[in-house]
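Asks: Just need the structure, nothing else, for what follows:
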Amino acid sequence: MKHVFVETNFLVGLLRPFPEREAVDLFRRNDGEDLRLYVPWCSQSEASRTLPERIKDDLEFTDSLMQFVKKRWLADRALFDKREIDKVKALADADLRAAVQTLNQRISDAVLAMERIDPSPAVVARTLQVFTVKALKPFDEMVLGAVLTKAAELHAAGERELFFCELDGGLSGQHPPLVTEYAACGLTVLRNFKVP
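Replies: All right, here's what the predicted structure looks like:
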């Protein structure tokens with residue numbers, strides 16, 4: 001079985017109004033038989049802080065659209081039927097409200113479908129050791145501590161198909177001490193969600 005570690009970027013890509021196809025495809029593969037997804041506990045709360053902005057990025061286009069409509073339609077009302085534009089605006093506004101109102105439940109449901117790595121004594125100890133490997137932001141240290149702890153546990157149990165999907169680069173395996181840490185637990189770092 002493939003064991004795949006994801007973090008906040010995965011939840012954001014999966015749950016934004018216009019989701020990233022690779023994130024959706026990977027989530028669909030999470031059957032617990034051929035592939036299992038793992039997410040650090042701290043990514044759940046971080047997604048709650050990050051996703052509202054991505055929701056706005058995806059659905060607040062109507063403000064600009066209406067400025068454009070006002071400029072063009074007032075100049076020539078024969079260009080288009082403004083009622084249709086108003087309908088599009090109402091649909092986008094309704095989707096935005098629904099996305100915000102259901103956000104916490106959608107995050108919880110997604111995390112429940114994965115294995116959440118909670119802050120056990122081993123995870124806390126590993127997180128505190130991470131600082132000596134590479135100076136990271138505290139949130140990244142928590143993510144890395146959780147991922148390394150669980151990956152080492154799986155590797156010690158004989159699992160060999162271990163992947164970490166890490167998009168933002170802060171945790172990528174290009175820093176020599178991190179390369180050593182990842183190699184010690186058999187973890188392959190991917191800069192996308194395309195798990196073989």
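Asks: Could you find the closest non-adjacent residue to the residue sitting nearest the centre point of the chain?
Replies: Geometric centre of the chain, nearest residue: residue 10, 2.2 Å, by Cα atoms, centre = their mean. Sequence neighbours aside, residue 23 is the residue nearest to residue 10 in space, at 5.6 Å (criterion: Cβ to Cβ, 6 or more residues apart in numbering). Backbone N, C-alpha and C define where each C-beta goes, glycine included.
Asks: From one end of stretch 187-196 to the other, what's the distance?
Replies: 14 Å (Cα to Cα, to the nearest Å).
Asks: right, I mislabeled it, should have said stretch 32-50
Replies: 27 Å.
Asks: try stretch 21-40
Replies: Distance between the boundary residues of stretch 21-40 (Cα to Cα) amounts to 22 Å.
Asks: Look at the residue nearest to residue 114 when sequence neighbours are not counted and say how many residues are nearby.
Replies: Spatial nearest neighbour of residue 114, chain neighbours left out: residue 37 (4.1 Å); criterion: Cβ to Cβ, 6+ apart. Look at residue 37: counted by other Cβ atoms under 10 Å, it has 24 neighbours.
Asks: what does the one 3 residues further on give?
Replies: The burial count assigned to residue 40 is 26, neighbours taken as other Cβ under 10 Å.
Asks: Model confidence for the nearest residue to it once chain neighbours are set aside, exactly?
Replies: Computed as Cβ to Cβ, 6+ apart, the closest residue to residue 40 that is not its neighbour in sequence is residue 146, at 3.6 Å. pLDDT for residue 146: 95.
Asks: same thing with the one 10 residues further on?
Replies: According to the predicted model, the pLDDT of residue 156 comes to 97.
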